[in-house]
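# would you be able to build a 3D model of this:
(one chain, ligands or ions: 1)
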Amino acid sequence: MENRRLTSYRVLEEVFDKGASLKDAYKRATQGKTARESDFIKEMTYGVTRKKLLLDWYFVKAVNKEMTNVSKKSKHLIRMAIYEIVFMKHKDYAVLSSIVDIAKENLRNQDKFVNWALREFLRNYEKVSLPDSNDKQSLSHLYSFPQHLVEYLISEVGTERAVQLMQFYNEKPDYYAFNIETGEYREFSTDERLSSKEYLLDPVYLNIFRFLQLEKVSTVLDCCAAPGGKSFLLKSFVKDAKITAIDKDSRRVDTMKKNIERLDLKDIKTSAVDILASDLNKVFDLVILDVPCTATGTIRKNPDVKYNYRKKLETLPSLQYSMLEKADEYVKEDGFMLYMTCSILNQENYAVVSDFVAKNGDYKVYSQFFSFGMPFNGGYGVLLRKSGGKDV
Ligand SMILES: C[S@@+](CC[C@H](N)C(=O)[O-])C[C@H]1O[C@@H](n2cnc3c(N)ncnc32)[C@H](O)[C@@H]1O
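Presented below is the predicted three-dimensional model:
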(Lines give C-alpha, C1' and ligand atoms only; values in the text may rest on other atoms or scores of the structure.)
Protein backbone atom coordinates (compact mmCIF):
# COMPACT_ATOMS: atom_id res chain seq x y z
CA MET A 1 0.00 0.00 0.00
CA GLU A 2 1.41 3.37 -1.04
CA ASN A 3 2.26 5.77 1.74
CA ARG A 4 -0.25 8.65 1.95
CA ARG A 5 2.49 11.29 1.82
CA LEU A 6 3.93 9.72 -1.32
CA THR A 7 0.44 9.72 -2.88
CA SER A 8 0.05 13.40 -1.97
CA TYR A 9 3.42 14.12 -3.54
CA ARG A 10 2.32 12.39 -6.76
CA VAL A 11 -0.91 14.40 -6.86
CA LEU A 12 1.04 17.68 -6.54
CA GLU A 13 3.42 16.53 -9.25
CA GLU A 14 0.50 15.83 -11.60
CA VAL A 15 -1.07 19.21 -10.91
CA PHE A 16 1.98 21.46 -10.96
CA ASP A 17 4.28 19.63 -13.39
CA LYS A 18 1.87 17.85 -15.72
CA GLY A 19 -1.10 20.23 -15.92
CA ALA A 20 -3.77 17.94 -14.40
CA SER A 21 -6.61 19.52 -12.45
CA LEU A 22 -6.39 19.03 -8.69
CA LYS A 23 -9.91 17.61 -8.59
CA ASP A 24 -9.13 14.92 -11.19
CA ALA A 25 -5.66 14.10 -9.85
CA TYR A 26 -7.02 13.76 -6.30
CA LYS A 27 -9.92 11.60 -7.45
CA ARG A 28 -7.67 9.25 -9.42
CA ALA A 29 -5.11 8.98 -6.62
CA THR A 30 -7.62 8.15 -3.90
CA GLN A 31 -9.55 5.45 -5.73
CA GLY A 32 -9.69 2.40 -3.46
CA LYS A 33 -8.20 4.27 -0.47
CA THR A 34 -9.87 4.38 2.93
CA ALA A 35 -11.77 7.51 3.99
CA ARG A 36 -9.02 8.28 6.51
CA GLU A 37 -6.26 8.11 3.90
CA SER A 38 -8.29 10.15 1.41
CA ASP A 39 -8.96 12.81 4.06
CA PHE A 40 -5.24 13.13 4.80
CA ILE A 41 -4.37 13.34 1.08
CA LYS A 42 -7.08 15.96 0.56
CA GLU A 43 -5.93 18.08 3.49
CA MET A 44 -2.34 17.88 2.29
CA THR A 45 -2.82 18.46 -1.45
CA TYR A 46 -5.58 21.08 -1.22
CA GLY A 47 -3.81 22.75 1.72
CA VAL A 48 -0.46 22.97 -0.08
CA THR A 49 -2.22 24.29 -3.19
CA ARG A 50 -4.16 26.92 -1.23
CA LYS A 51 -1.04 28.14 0.57
CA LYS A 52 1.70 27.45 -1.99
CA LEU A 53 3.14 30.99 -2.12
CA LEU A 54 2.96 31.43 1.65
CA LEU A 55 4.79 28.12 2.12
CA ASP A 56 7.48 29.43 -0.23
CA TRP A 57 7.70 32.58 1.88
CA TYR A 58 8.36 30.45 4.97
CA PHE A 59 11.01 28.49 3.09
CA VAL A 60 12.86 31.53 1.77
CA LYS A 61 12.88 33.26 5.15
CA ALA A 62 13.81 30.21 7.26
CA VAL A 63 16.28 28.54 4.89
CA ASN A 64 17.65 31.70 3.32
CA LYS A 65 17.51 30.24 -0.18
CA GLU A 66 15.31 31.22 -3.15
CA MET A 67 12.67 28.69 -4.22
CA THR A 68 13.83 29.17 -7.82
CA ASN A 69 17.06 27.34 -6.87
CA VAL A 70 15.17 24.23 -5.74
CA SER A 71 14.35 21.41 -8.18
CA LYS A 72 10.68 20.96 -9.16
CA LYS A 73 10.40 17.61 -7.41
CA SER A 74 12.03 18.69 -4.15
CA LYS A 75 9.74 21.73 -4.04
CA HIS A 76 6.63 19.59 -3.63
CA LEU A 77 8.15 17.63 -0.76
CA ILE A 78 9.45 20.74 0.97
CA ARG A 79 6.09 22.49 0.69
CA MET A 80 4.34 19.40 2.07
CA ALA A 81 6.68 19.26 5.05
CA ILE A 82 6.23 22.97 5.79
CA TYR A 83 2.43 22.67 5.47
CA GLU A 84 2.36 19.70 7.82
CA ILE A 85 4.56 21.35 10.43
CA VAL A 86 3.13 24.87 10.36
CA PHE A 87 -0.53 24.32 9.50
CA MET A 88 -1.31 20.71 10.45
CA LYS A 89 0.86 21.03 13.57
CA HIS A 90 2.30 17.54 13.21
CA LYS A 91 5.47 16.62 15.12
CA ASP A 92 8.31 18.25 13.22
CA TYR A 93 10.97 15.49 13.44
CA ALA A 94 8.45 12.77 12.49
CA VAL A 95 7.47 14.82 9.41
CA LEU A 96 11.11 15.41 8.52
CA SER A 97 12.00 11.72 8.66
CA SER A 98 8.96 10.63 6.54
CA ILE A 99 9.63 13.29 3.91
CA VAL A 100 13.35 12.50 3.72
CA ASP A 101 12.49 8.79 3.32
CA ILE A 102 10.30 9.65 0.31
CA ALA A 103 13.11 11.76 -1.14
CA LYS A 104 15.60 8.87 -0.66
CA GLU A 105 13.38 6.37 -2.42
CA ASN A 106 11.97 8.55 -5.15
CA LEU A 107 14.20 11.53 -5.93
CA ARG A 108 17.64 10.48 -6.98
CA ASN A 109 20.41 12.58 -5.41
CA GLN A 110 18.05 15.08 -3.87
CA ASP A 111 17.52 13.51 -0.46
CA LYS A 112 20.58 15.21 1.01
CA PHE A 113 19.39 18.62 -0.07
CA VAL A 114 15.83 17.98 1.23
CA ASN A 115 17.29 16.76 4.53
CA TRP A 116 19.56 19.80 4.88
CA ALA A 117 16.83 22.30 3.88
CA LEU A 118 14.25 20.88 6.28
CA ARG A 119 16.71 20.85 9.18
CA GLU A 120 17.48 24.49 8.45
CA PHE A 121 13.76 25.14 8.30
CA LEU A 122 13.14 23.48 11.68
CA ARG A 123 15.87 25.55 13.29
CA ASN A 124 14.47 28.87 12.09
CA TYR A 125 10.77 28.71 11.19
CA GLU A 126 9.38 29.88 14.51
CA LYS A 127 11.19 33.18 14.02
CA VAL A 128 9.65 33.79 10.59
CA SER A 129 7.18 36.66 10.53
CA LEU A 130 4.42 37.01 7.97
CA PRO A 131 4.53 39.71 5.28
CA ASP A 132 3.25 42.79 7.07
CA SER A 133 2.58 45.42 4.45
CA ASN A 134 -0.35 45.90 2.12
CA ASP A 135 1.65 46.14 -1.09
CA LYS A 136 0.73 43.77 -3.90
CA GLN A 137 3.76 41.55 -3.47
CA SER A 138 3.18 41.05 0.27
CA LEU A 139 -0.52 40.34 -0.31
CA SER A 140 0.46 37.84 -2.98
CA HIS A 141 2.61 35.90 -0.48
CA LEU A 142 0.28 36.26 2.47
CA TYR A 143 -2.85 35.01 0.68
CA SER A 144 -1.00 32.92 -1.86
CA PHE A 145 -2.54 34.58 -4.88
CA PRO A 146 -0.34 35.26 -7.92
CA GLN A 147 0.41 38.94 -8.18
CA HIS A 148 -1.56 39.36 -11.41
CA LEU A 149 -4.70 38.09 -9.68
CA VAL A 150 -4.09 40.34 -6.66
CA GLU A 151 -3.74 43.27 -9.07
CA TYR A 152 -6.92 42.36 -10.92
CA LEU A 153 -8.94 42.14 -7.70
CA ILE A 154 -7.57 45.42 -6.35
CA SER A 155 -8.25 47.20 -9.64
CA GLU A 156 -11.86 45.93 -9.56
CA VAL A 157 -12.82 46.32 -5.91
CA GLY A 158 -10.03 48.12 -4.01
CA THR A 159 -7.55 46.70 -1.52
CA GLU A 160 -9.82 46.21 1.49
CA ARG A 161 -12.43 44.22 -0.38
CA ALA A 162 -9.77 42.32 -2.37
CA VAL A 163 -8.28 41.14 0.93
CA GLN A 164 -11.70 40.00 2.19
CA LEU A 165 -12.29 38.14 -1.05
CA MET A 166 -8.88 36.42 -0.97
CA GLN A 167 -9.50 35.32 2.61
CA PHE A 168 -12.87 33.95 1.55
CA TYR A 169 -11.48 32.23 -1.56
CA ASN A 170 -8.91 30.47 0.66
CA GLU A 171 -11.59 28.88 2.84
CA LYS A 172 -12.80 25.34 2.36
CA PRO A 173 -16.00 25.36 0.28
CA ASP A 174 -19.54 25.02 1.60
CA TYR A 175 -21.96 22.74 -0.19
CA TYR A 176 -25.64 23.39 -0.76
CA ALA A 177 -28.52 21.13 -1.72
CA PHE A 178 -31.23 22.71 -3.87
CA ASN A 179 -34.76 21.31 -3.81
CA ILE A 180 -36.38 21.53 -7.23
CA GLU A 181 -39.87 21.21 -5.80
CA THR A 182 -39.73 23.87 -3.07
CA GLY A 183 -37.16 26.11 -4.84
CA GLU A 184 -35.19 26.34 -1.58
CA TYR A 185 -31.63 25.43 -0.67
CA ARG A 186 -29.95 24.25 2.51
CA GLU A 187 -26.38 23.73 3.67
CA PHE A 188 -25.27 20.22 2.92
CA SER A 189 -22.56 18.22 4.62
CA THR A 190 -20.84 15.59 2.49
CA ASP A 191 -21.73 12.73 4.84
CA GLU A 192 -25.47 13.39 4.39
CA ARG A 193 -27.73 11.99 1.68
CA LEU A 194 -29.62 14.04 -0.88
CA SER A 195 -33.41 13.59 -0.96
CA SER A 196 -34.99 12.48 -4.24
CA LYS A 197 -35.84 16.13 -5.03
CA GLU A 198 -32.42 17.58 -4.23
CA TYR A 199 -29.16 18.06 -6.06
CA LEU A 200 -25.98 19.99 -5.27
CA LEU A 201 -26.04 23.56 -6.55
CA ASP A 202 -24.22 26.67 -5.49
CA PRO A 203 -26.85 29.34 -4.63
CA VAL A 204 -25.14 31.93 -6.83
CA TYR A 205 -26.94 30.29 -9.77
CA LEU A 206 -30.27 30.50 -8.01
CA ASN A 207 -29.59 34.20 -7.42
CA ILE A 208 -28.75 34.64 -11.10
CA PHE A 209 -31.98 32.93 -12.21
CA ARG A 210 -34.08 34.92 -9.72
CA PHE A 211 -32.52 38.22 -10.65
CA LEU A 212 -32.71 37.82 -14.40
CA GLN A 213 -36.48 37.41 -14.34
CA LEU A 214 -36.72 34.73 -16.96
CA GLU A 215 -39.90 35.30 -18.91
CA LYS A 216 -42.26 32.44 -19.37
CA VAL A 217 -40.49 30.21 -21.85
CA SER A 218 -41.72 26.97 -23.25
CA THR A 219 -38.94 25.54 -25.43
CA VAL A 220 -35.34 25.63 -24.21
CA LEU A 221 -31.98 24.57 -25.59
CA ASP A 222 -29.25 24.08 -22.98
CA CYS A 223 -26.02 23.98 -25.04
CA CYS A 224 -23.40 23.06 -22.40
CA ALA A 225 -25.79 21.23 -20.18
CA ALA A 226 -24.02 18.39 -18.37
CA PRO A 227 -24.30 17.34 -15.59
CA GLY A 228 -27.60 19.23 -15.72
CA GLY A 229 -27.50 21.87 -12.97
CA LYS A 230 -28.95 24.78 -14.97
CA SER A 231 -31.54 22.69 -16.83
CA PHE A 232 -32.84 21.38 -13.51
CA LEU A 233 -32.88 24.86 -12.05
CA LEU A 234 -34.89 26.09 -15.01
CA LYS A 235 -37.34 23.23 -14.49
CA SER A 236 -37.87 24.42 -10.96
CA PHE A 237 -38.72 27.92 -12.24
CA VAL A 238 -40.73 26.85 -15.31
CA LYS A 239 -42.23 23.44 -14.52
CA ASP A 240 -43.59 22.67 -17.99
CA ALA A 241 -40.52 23.81 -20.00
CA LYS A 242 -39.44 21.39 -22.71
CA ILE A 243 -35.66 21.23 -22.62
CA THR A 244 -33.18 19.92 -25.15
CA ALA A 245 -30.00 19.43 -23.12
CA ILE A 246 -26.81 18.82 -25.09
CA ASP A 247 -23.14 18.59 -24.17
CA LYS A 248 -20.16 17.44 -26.18
CA ASP A 249 -18.83 15.17 -23.42
CA SER A 250 -20.71 11.88 -23.64
CA ARG A 251 -19.62 10.70 -20.18
CA ARG A 252 -21.00 13.87 -18.64
CA VAL A 253 -24.20 13.37 -20.65
CA ASP A 254 -24.52 9.87 -19.09
CA THR A 255 -24.19 11.44 -15.63
CA MET A 256 -26.85 13.99 -16.56
CA LYS A 257 -29.20 11.18 -17.66
CA LYS A 258 -28.75 9.47 -14.29
CA ASN A 259 -29.46 12.75 -12.51
CA ILE A 260 -32.64 13.27 -14.55
CA GLU A 261 -33.82 9.77 -13.65
CA ARG A 262 -33.03 10.22 -9.97
CA LEU A 263 -34.88 13.54 -9.82
CA ASP A 264 -37.71 12.07 -11.91
CA LEU A 265 -37.79 15.05 -14.28
CA LYS A 266 -39.93 15.04 -17.44
CA ASP A 267 -39.39 16.75 -20.79
CA ILE A 268 -35.60 16.92 -20.77
CA LYS A 269 -34.16 15.33 -23.91
CA THR A 270 -30.40 14.74 -23.72
CA SER A 271 -27.74 13.99 -26.33
CA ALA A 272 -24.00 14.22 -26.82
CA VAL A 273 -23.55 17.03 -29.36
CA ASP A 274 -20.79 19.54 -29.96
CA ILE A 275 -22.66 22.83 -30.23
CA LEU A 276 -20.02 24.27 -32.55
CA ALA A 277 -20.49 21.45 -35.06
CA SER A 278 -24.24 21.11 -34.57
CA ASP A 279 -27.11 21.41 -37.01
CA LEU A 280 -30.26 21.17 -34.94
CA ASN A 281 -32.50 22.83 -37.49
CA LYS A 282 -34.82 24.26 -34.83
CA VAL A 283 -35.29 27.47 -32.88
CA PHE A 284 -36.11 27.87 -29.17
CA ASP A 285 -37.66 30.47 -26.84
CA LEU A 286 -34.56 30.36 -24.65
CA VAL A 287 -31.01 29.18 -25.30
CA ILE A 288 -28.80 28.63 -22.24
CA LEU A 289 -25.06 28.86 -22.73
CA ASP A 290 -23.22 27.93 -19.54
CA VAL A 291 -19.82 28.08 -21.20
CA PRO A 292 -16.53 26.39 -20.27
CA CYS A 293 -14.53 29.01 -18.35
CA THR A 294 -11.56 29.49 -16.01
CA ALA A 295 -13.79 28.67 -13.01
CA THR A 296 -12.18 31.52 -11.06
CA GLY A 297 -15.47 31.88 -9.18
CA THR A 298 -14.88 28.46 -7.62
CA ILE A 299 -11.37 28.91 -6.15
CA ARG A 300 -12.52 27.59 -2.75
CA LYS A 301 -13.34 24.26 -4.37
CA ASN A 302 -10.61 24.39 -7.03
CA PRO A 303 -7.62 26.24 -5.53
CA ASP A 304 -5.33 25.20 -8.42
CA VAL A 305 -7.31 27.62 -10.61
CA LYS A 306 -5.36 30.48 -8.97
CA TYR A 307 -2.21 29.35 -10.74
CA ASN A 308 -3.52 28.01 -14.05
CA TYR A 309 -6.35 30.38 -15.06
CA ARG A 310 -4.07 32.71 -17.00
CA LYS A 311 -3.02 30.10 -19.53
CA LYS A 312 -6.66 29.17 -20.12
CA LEU A 313 -7.56 32.80 -20.59
CA GLU A 314 -5.47 32.84 -23.76
CA THR A 315 -8.06 30.71 -25.58
CA LEU A 316 -11.33 30.69 -23.63
CA PRO A 317 -12.79 34.11 -24.53
CA SER A 318 -12.60 33.39 -28.27
CA LEU A 319 -14.20 29.96 -27.72
CA GLN A 320 -16.94 31.58 -25.63
CA TYR A 321 -17.52 34.15 -28.34
CA SER A 322 -17.79 31.43 -31.04
CA MET A 323 -20.32 29.62 -28.89
CA LEU A 324 -22.46 32.75 -28.65
CA GLU A 325 -22.31 33.24 -32.43
CA LYS A 326 -23.29 29.63 -33.05
CA ALA A 327 -26.02 29.56 -30.39
CA ASP A 328 -27.64 32.57 -32.09
CA GLU A 329 -28.81 30.18 -34.86
CA TYR A 330 -31.08 28.51 -32.31
CA VAL A 331 -32.69 31.57 -30.73
CA LYS A 332 -36.08 32.41 -32.22
CA GLU A 333 -36.95 36.01 -33.02
CA ASP A 334 -38.09 37.71 -29.80
CA GLY A 335 -36.42 34.86 -27.92
CA PHE A 336 -33.75 34.93 -25.20
CA MET A 337 -30.16 33.84 -24.75
CA LEU A 338 -28.83 33.23 -21.24
CA TYR A 339 -25.02 33.36 -21.13
CA MET A 340 -23.38 32.23 -17.88
CA THR A 341 -19.96 31.57 -16.39
CA CYS A 342 -18.50 30.68 -12.99
CA SER A 343 -15.74 33.21 -13.64
CA ILE A 344 -14.91 36.45 -11.82
CA LEU A 345 -12.95 37.77 -14.80
CA ASN A 346 -14.43 40.45 -16.97
CA GLN A 347 -12.62 39.04 -20.03
CA GLU A 348 -14.97 36.03 -19.95
CA ASN A 349 -18.06 37.88 -18.86
CA TYR A 350 -19.25 41.26 -20.04
CA ALA A 351 -16.27 41.73 -22.39
CA VAL A 352 -17.31 38.69 -24.46
CA VAL A 353 -20.99 39.61 -24.36
CA SER A 354 -20.50 43.27 -25.23
CA ASP A 355 -18.42 42.23 -28.24
CA PHE A 356 -21.20 39.92 -29.33
CA VAL A 357 -23.92 42.54 -28.86
CA ALA A 358 -21.83 45.14 -30.71
CA LYS A 359 -21.57 42.83 -33.71
CA ASN A 360 -25.13 41.49 -33.54
CA GLY A 361 -27.39 44.51 -33.49
CA ASP A 362 -30.56 42.45 -33.02
CA TYR A 363 -29.48 41.54 -29.44
CA LYS A 364 -29.92 43.72 -26.37
CA VAL A 365 -28.91 43.17 -22.76
CA TYR A 366 -32.17 42.49 -20.94
CA SER A 367 -30.81 41.88 -17.43
CA GLN A 368 -27.45 41.07 -15.94
CA PHE A 369 -26.05 39.66 -12.66
CA PHE A 370 -22.48 39.39 -11.39
CA SER A 371 -20.95 38.39 -8.08
CA PHE A 372 -17.33 38.09 -6.96
CA GLY A 373 -18.61 35.57 -4.43
CA MET A 374 -19.04 35.58 -0.64
CA PRO A 375 -20.88 33.88 0.84
CA PHE A 376 -21.38 31.80 -2.34
CA ASN A 377 -19.30 31.19 -5.46
CA GLY A 378 -18.52 33.97 -7.89
CA GLY A 379 -20.47 33.91 -11.13
CA TYR A 380 -21.99 35.82 -14.01
CA GLY A 381 -25.24 35.63 -15.95
CA VAL A 382 -26.70 37.84 -18.61
CA LEU A 383 -30.01 37.52 -20.35
CA LEU A 384 -29.98 38.81 -23.92
CA ARG A 385 -33.09 39.47 -25.92
CA LYS A 386 -33.16 38.93 -29.66
CA SER A 387 -35.37 41.63 -31.05
CA GLY A 388 -35.87 40.21 -34.51
CA GLY A 389 -35.37 43.74 -35.83
CA LYS A 390 -38.07 45.25 -33.56
CA ASP A 391 -37.48 47.64 -30.71
CA VAL A 392 -38.15 45.77 -27.45
C1 LIG B 1 -19.64 24.90 -17.00
S2 LIG B 1 -19.83 23.31 -17.59
C3 LIG B 1 -21.57 23.14 -17.68
C4 LIG B 1 -22.26 22.88 -16.38
C5 LIG B 1 -23.74 22.61 -16.56
N6 LIG B 1 -24.41 23.64 -17.33
C7 LIG B 1 -24.45 22.46 -15.24
O8 LIG B 1 -25.06 23.42 -14.76
O9 LIG B 1 -24.42 21.37 -14.68
C10 LIG B 1 -19.39 23.48 -19.26
C11 LIG B 1 -19.77 22.31 -20.12
O12 LIG B 1 -19.53 22.66 -21.48
C13 LIG B 1 -19.29 21.48 -22.18
N14 LIG B 1 -18.73 21.84 -23.50
C15 LIG B 1 -17.51 22.35 -23.78
N16 LIG B 1 -17.39 22.59 -25.10
C17 LIG B 1 -18.58 22.24 -25.67
C18 LIG B 1 -19.08 22.25 -27.00
N19 LIG B 1 -18.32 22.66 -28.03
N20 LIG B 1 -20.35 21.81 -27.22
C21 LIG B 1 -21.11 21.38 -26.19
N22 LIG B 1 -20.69 21.34 -24.91
C23 LIG B 1 -19.44 21.77 -24.65
C24 LIG B 1 -18.36 20.72 -21.25
O25 LIG B 1 -18.36 19.34 -21.55
C26 LIG B 1 -18.98 21.03 -19.89
O27 LIG B 1 -19.87 20.01 -19.50
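# now residue 312: how far from the ligand?
For residue 312, the distance to the ligand (Cβ to the nearest ligand atom, to the nearest Å) stands at 13 Å. From N, CA and C alone the C-beta is placed, and that goes for glycine too.
# and for that residue, the neighbour number?
Neighbour count of residue 312, defined by other Cβ atoms under 10 Å: 18.
# also residue 279?
By the criterion of other Cβ under 10 Å, residue 279 has 7 neighbours.
# quick one, phi/psi of it?
Dihedral pair for residue 279: phi -140, psi 80, per degrees, to the nearest 10.
# so what strands line up beside whichever strand or helix holds residue 177?
Per DSSP states H and E: residue 177 is located in strand 175-179. Strand pairing for strand 175-179, using DSSP bridges, gives strand 185-188 (antiparallel), strand 198-200 (antiparallel).
# against residue 232, how distant is the residue in the stretch 51-200 of the chain that the ligand sits nearest to?
Nearest residue of the stretch 51-200 of the chain to the ligand (Cβ to the nearest ligand atom) works out as residue 199 at 9.2 Å. From residue 199 over to residue 232 the distance is 6 Å, taken as Cβ to Cβ, to the nearest Å.
# near the ligand at all, the lengthiest strand in the chain?
Across the chain, the strand with the greatest residue count (assigned by DSSP state E) is strand 331-341. No - Strand 331-341 does not reach the ligand (Cβ under 6 Å from any ligand atom); its nearest approach is 7.6 Å.
# so for residue 199 and residue 232, which residues contact both of them?
By Cβ atoms under 8 Å, 6 or more residues apart in numbering, residue 199 and residue 232 have these common neighbours: 180, 259, 263.
# columns neighbour count, distance to the ligand and pLDDT on top of the residues you listed, output as JSON lines?
Output for the shared contacts of residue 199 and residue 232, formatted as JSON lines (neighbours: other Cβ atoms under 10 Å; distance: Cβ to the nearest ligand atom, whole Å; pLDDT from 0 to 100):
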{"residue": "180", "neighbour count": "21", "distance to the ligand": "13", "pLDDT": "97"}
{"residue": "259", "neighbour count": "19", "distance to the ligand": "9", "pLDDT": "98"}
{"residue": "263", "neighbour count": "20", "distance to the ligand": "13", "pLDDT": "98"}
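# kindly report the residues of the chain close to the ligand.
223-230, 247-249, 252, 274-276, 290, 292.
# next, the buried residues of the host helix or strand of residue 367.
In this structure, residue 367 is located in strand 363-371 according to DSSP H and E. The neighbour-count check on strand 363-371 (16 or more other Cβ atoms under 10 Å) flags 363, 366-371 as buried.
# same question for stretch 175-188.
176-180, 185, 188.
# just to revisit the earlier point, tell me which helix or strand comes right after the strand holding residue 367.
Reading on from strand 363-371 to the C-terminus, the next helix or strand found by DSSP H and E is strand 379-386.
# helices or strands next to that following strand in the packing?
In terms of contacts (3 or more Cβ pairs under 8 Å, 6 or more residues apart in numbering; DSSP states H and E), strand 379-386 is packed against helix 203-212, strand 331-341, helix 350-359, strand 363-371.
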